[in-house]
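[1] got a predicted model here, sequence first, then my questions.
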Protein chains: 2
Amino acid sequence: TFVLDKEKAEQAFAAKKVINGKDTMFFNILPLKYQWAYDLYKTMKNNHWEPEDIPMQKDVEQWRSDEISDVERWIIKMGIGYFSAAEGIVGDNILHVVREVVTAPELKLVLGRHAHEENIHADSLVYMLSSIGLNPHECEAMFEDVPTITAKNNFVVSNSRSMRRDIDLTQTKNKQDLAKNIFLFGQVMEGTQFYGLFGMILSLYRQNKFPGIGQMFRYTLRDESNHIEVFRNLLMDLIDENPDIWTPEFQEDLRATMAEGIRLEKEFIRDCLPVAGLGLNAPDFETYIDYIADRRLTSCGLAPLNEEGTTQNPFPWLAEMMDIKKEQNFFEGRVTEYQKASALGDVDDDDL
Amino acid sequence: TFVLDKEKAEQAFAAKKVINGKDTMFFNILPLKYQWAYDLYKTMKNNHWEPEDIPMQKDVEQWRSDEISDVERWIIKMGIGYFSAAEGIVGDNILHVVREVVTAPELKLVLGRHAHEENIHADSLVYMLSSIGLNPHECEAMFEDVPTITAKNNFVVSNSRSMRRDIDLTQTKNKQDLAKNIFLFGQVMEGTQFYGLFGMILSLYRQNKFPGIGQMFRYTLRDESNHIEVFRNLLMDLIDENPDIWTPEFQEDLRATMAEGIRLEKEFIRDCLPVAGLGLNAPDFETYIDYIADRRLTSCGLAPLNEEGTTQNPFPWLAEMMDIKKEQNFFEGRVTEYQKASALGDVDDDDL
Ligand SMILES: [Ca+2]
Ligand SMILES: [Ca+2]
């Protein structure tokens, strides 16, 4: 038998922090300090899905038919191509910036699940692409050839790359850089810039176009709502433990970052929807982005960019898209049923 | 419409490499260059399991009863405690050493799934611990109080930590350091050092002791067989693309690393099993470790440490433990059924 040093273990618990905590490389998440992280981990794994569960036959038929317009085809290609890149950028940033410096095991746990879902999304895009027979070269080349996409990507990639270094997180300036990275990725990119294409693809889905692709994007959207929450909670706890971060200047910097993200997203939307038609028009999507962005800001304790009450949601139906419970029979007859009813039912408009 | 530069995309494909390839941060895994990585990714996700699927009532009853010996209790505590740490160390190394420098997206994909399974294992250990009501402090303190465990952990952690830095992978010495890390983690740690405790816990399971814990370790063992394969393939392709790594001196260095890993594992086994009894005795486990280690070495093209034919498997039943197909009715009546039959059936003794 061995003598156990409980006091030492209790000190280790007390030293659990978002950053600058005890970094043991050991993965004992108990006793939990960040309950939200474990709760979100559980919610996320209850939402587990795999692309092969979704039939693609109808999508393939529609893609080959002439009932689909060029703009619609372009949106699908753009959706697949953009998210292939974007989810990879998000995953790299989680793993090589945020998880790298976070010290509490339960935070590493939920960040690991977050990164894993980026893997699943990337895999689902491969499944869409190969099902409808797109040329992967074509999708990849899009990023280098469409200026409004490269602008969006550079905006986040340059921030993420600049953070991939040894960083002294005892200095306020460096802590602010990390907090900004977490805000940029969680609230501006996943939280706002993803919603233009989500809206477009799910608007097609609503018109019964590309039901398999639309279904996968519904699952993806539900996952994103958790990703946004992971990064929001992480930011809030980081600030809570390090109040020196939260200066008025820094808060303004975050608002300006969101404003720049919105500007880039609106340019991208105008590129995607040069002409109005079929329920898809650029002004509605721009309004939607303003609406979403202000919700993200206020959820982090920041002032919205527009006066309260002046932004409205032009797509109330989009909130319902996440409520996958209603389509239980989707899985009918399938062996694989990842979705557990208990995890649902608490999705409402606030999750958008 | 946009003009797409296919030639540029094809060049990007040609530049796909294990290391020093085109690093775009984009996650377009098509067209695949490392088919094994995507195939293993699919096998791994078809093996998906979550701890809550496994009932723990019988384990709780046994834990509270007096039919269980002190040695058996100690093995369970040690198993939970050791793997809580070990899987975290493996996960950190995948994410902050290997995935950091690997450049091909499909390799990042499978490494992401590998890291995710370490998350699931960590979560399963929390589930075991809280089900039977162990004090997490007690488990954590074990690592600092049991010298044969700290020796095992330091052996891998010091290597992993020394690799967490900017590293010039155009130099042979640095490429060898990476190759050694991949060998150390895949073949020595996950491939050999994990098998002492696996054997002990599954030996108890075979005697109908702790069926829930045993079942989770069966799933874990099956996952490990894929982790070993991921790292073995990665090592083989790294060497294939960088033959300057594979000098006779370097090969001897890897064999010596395995020999040291075996020495530490045998010391640990003698600590776990100070007296023989109930089908668990140290000499059998030491023989088993020699047997497993030589299989790992030869699978990587290295000479075994013992003359061929001199090591034998004292636990042939352990191979059968991974063949979970036989117990399909385990899931009977459950909503969640992750296991797909198609992924099984190709497990044999070679996977151990
Ligand atoms: Ca995401
Ligand atoms: Ca493992």
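    That came through, no problem. Numbering: from 1, shown residues only, chains lettered A, B, ... in the order given. Ligands and ions are numbered 1, 2, ... in the order given.
[2] and stretch A:92-109, how far apart are its ends?
    End-to-end distance of stretch A:92-109 (CA to CA, to the nearest Å): 16 Å.
[3] quick one: average pLDDT of that stretch?
    For stretch A:92-109, the mean per-residue pLDDT is 94.
[4] next, see if that stretch gets close to chain B.
    Yes. Using CB under 8 Å from any CB of the partner chain, stretch A:92-109 reaches chain B at A:92, A:95, A:96, A:99, A:100, A:105, A:108, A:109. Every residue, glycine included, has its C-beta placed from N, CA and C.
[5] which residues of the stretch 1-150 of chain A lie near ligand 1?
    residue A:90 (CB under 5 Å from the ion).
[6] let me see the ranges of the helices in the stretch 1-150 of chain A.
    For the stretch 1-150 of chain A, the helices defined by DSSP state H, counting those that start in this stretch cover A:6-14, A:35-46, A:57-64, A:70-93, A:99-101, A:105-132, A:136-145, A:147-162.
[7] send the alpha carbons of stretch A:111-131 over as PDB?
    C-alpha atoms of stretch A:111-131 as PDB (Å, rounded to 0.1, in the frame of the first residue of the first chain):
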ATOM      1  CA  LEU A 111     -11.900  21.900 -26.700                       C
ATOM      2  CA  GLY A 112     -11.000  18.400 -27.900                       C
ATOM      3  CA  ARG A 113     -14.600  17.600 -28.600                       C
ATOM      4  CA  HIS A 114     -15.000  21.000 -30.400                       C
ATOM      5  CA  ALA A 115     -11.900  20.200 -32.600                       C
ATOM      6  CA  HIS A 116     -13.300  16.800 -33.200                       C
ATOM      7  CA  GLU A 117     -16.600  18.200 -34.500                       C
ATOM      8  CA  GLU A 118     -14.500  20.300 -37.000                       C
ATOM      9  CA  ASN A 119     -13.200  17.000 -38.200                       C
ATOM     10  CA  ILE A 120     -16.700  15.600 -38.600                       C
ATOM     11  CA  HIS A 121     -17.700  18.700 -40.500                       C
ATOM     12  CA  ALA A 122     -14.700  18.500 -42.800                       C
ATOM     13  CA  ASP A 123     -15.500  14.800 -43.400                       C
ATOM     14  CA  SER A 124     -19.200  15.700 -44.100                       C
ATOM     15  CA  LEU A 125     -18.000  18.200 -46.700                       C
ATOM     16  CA  VAL A 126     -15.900  15.400 -48.400                       C
ATOM     17  CA  TYR A 127     -19.000  13.200 -48.400                       C
ATOM     18  CA  MET A 128     -21.100  15.900 -50.000                       C
ATOM     19  CA  LEU A 129     -18.400  16.700 -52.600                       C
ATOM     20  CA  SER A 130     -17.800  13.100 -53.500                       C
ATOM     21  CA  SER A 131     -21.500  12.300 -53.600                       C
END
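[8] is any residue of the stretch of helix or strand residue A:238 belongs to near ligand 1?
    Following DSSP states H and E, one finds residue A:238 within helix A:211-241. Yes. Legend: contact between helix A:211-241 and ligand 1 by CB under 5 Å from the ion is shown at residue A:227.
[9] just to revisit the earlier point, and the furthest pair within the residues of stretch A:92-109 next to chain B?
    The largest distance within the residues of stretch A:92-109 next to chain B, taken as CB to CB, falls between A:92 and A:105 and amounts to 21.5 Å.
[10] now the closest residue to ligand 2 within chain A, nearest residue through space, not along the chain?
    Proximity of chain A to ligand 2 (CB to the ion) peaks at residue A:27, 11.2 Å away. Once flanking residues are discounted, residue A:27 sits nearest to residue B:88: 2.3 Å by CB to CB, 6 or more residues apart in numbering or on different chains.
[11] what's the separation between the one you found and residue B:96?
    Going from residue B:88 to residue B:96 by CB to CB, to the nearest Å gives 12 Å.
[12] so who does the nearest residue to residue A:129 once chain neighbours are set aside touch?
    Nearest residue to residue A:129, sequence neighbours excluded (CB to CB, 6+ apart): residue A:80, at 5.5 Å. Going by CB atoms under 8 Å, 6 or more residues apart in numbering or on different chains, residue A:80 touches A:125, A:128, A:129, A:134, A:139.
[13] picking that back up, from the residues of stretch A:92-109 next to chain B, which would you call buried?
    A:92, A:95, A:96, A:99, A:100, A:105, A:108, A:109 (16 or more other CB atoms under 10 Å in any protein chain shown).
[14] which of those residues sits closest to residue B:56?
    For those, the nearest to residue B:56 is residue A:109 (20.1 Å; CB to CB).
[15] any idea how far the closest one lies from ligand 1?
    Between residue A:109 and ligand 1 the distance is 17 Å, computed by CB to the ion, to the nearest Å.
[16] the residue nearest to residue A:27 and residue B:156, how far apart?
    From residue B:88 over to residue B:156 (counting by CB to CB), the distance is 11 Å.
[17] before we move on, what about residue A:7?
    Residue A:7 is 27 Å from residue B:156, where distance means CB to CB.
[18] neighbour count: these two, which is higher?
    Between residue A:7 and residue B:156, residue B:156 has the larger neighbour count (other CB atoms under 10 Å in any protein chain shown), namely 23 against 10.
[19] list the contacts of that one.
    Residue B:156 touches B:89, B:93, B:184, B:185, B:188, B:189, counting by CB under 8 Å, 6+ apart.
[20] over to residue A:188?
    Residue A:188 touches A:156, A:257, A:258, A:261, A:293, A:296, counting by CB under 8 Å, 6+ apart.
[21] of these - the most surrounded one?
    Among the contacts of residue A:188, the one with the most neighbours (other CB under 10 Å) is residue A:293, at 26 neighbours.
[22] I'd say that residue and residue A:303 touch.
    No. Applying CB atoms under 8 Å as the test, residue A:293 and residue A:303 come out as separate, 12.0 Å apart.
[23] any residue of whichever helix or strand comes after the helix holding residue A:238 touching chain B?
    Scanning forward in sequence from helix A:211-241 by DSSP H and E, the next helix or strand is helix A:248-272. No. Figure legend: helix A:248-272 not in contact with chain B (CB under 8 Å from any CB); closest approach 9.3 Å.
[24] and helix A:248-272 with helix A:70-93, angle?
    150 degrees (axes from the mean of the first three to the mean of the last three CA atoms, to 10 degrees).
[25] contacts for helix A:248-272?
    By CB under 8 Å, 6+ apart, the residues outside helix A:248-272 that reach it are A:74-75, A:78, A:146, A:148-149, A:151-152, A:155, A:176, A:179-180, A:183-184, A:187-189, A:192-193, A:196-197, A:200, A:282, A:285-286, A:289-290, A:293, A:296-297, A:300, A:302-303, A:305.
[26] now the angle from it to helix A:147-162?
    150 degrees.
[27] between helix A:248-272 and helix A:211-241, how big is the angle?
    Relative orientation of helix A:248-272 versus helix A:211-241 (the same axes, to 10 degrees): 170 degrees.
[28] run through the neighbouring helices and strands of the very next helix or strand once past helix A:248-272.
    Later in the chain than helix A:248-272, the nearest helix or strand by DSSP H and E is helix A:282-299. If you count contacts as 3 or more CB pairs under 8 Å, 6 or more residues apart in numbering or on different chains; DSSP states H and E, helix A:282-299 packs onto helix A:195-206, helix A:248-272.
[29] out of those, which one sits most buried?
    Mean neighbours per residue, mean count of other CB atoms under 10 Å in any protein chain shown, is largest over the helices and strands packed on helix A:282-299 for helix A:195-206, with a mean of 23.
[30] which residues touch that one?
    The contact list for helix A:195-206 (CB under 8 Å, 6+ apart) reads A:72, A:75-76, A:78-79, A:82-83, A:210-211, A:213-215, A:217-218, A:220-221, A:224, A:265, A:268-269, A:272-273, A:279-280, A:285, A:288-289, A:292, A:315, A:317-318, A:321, A:352.
[31] and that helix, is it in reach of ligand 1?
    No. Taking CB under 5 Å from the ion as the criterion, helix A:195-206 and ligand 1 are apart, separated by no less than 11.0 Å.
[32] burial measure for the nearest residue to residue A:131 once chain neighbours are set aside, as a count.
    Residue nearest to residue A:131 in three dimensions, not counting chain neighbours: residue A:56, with 4.0 Å by CB to CB, 6+ apart. Residue A:56 sits with 21 neighbouring residues when counted by other CB under 10 Å.
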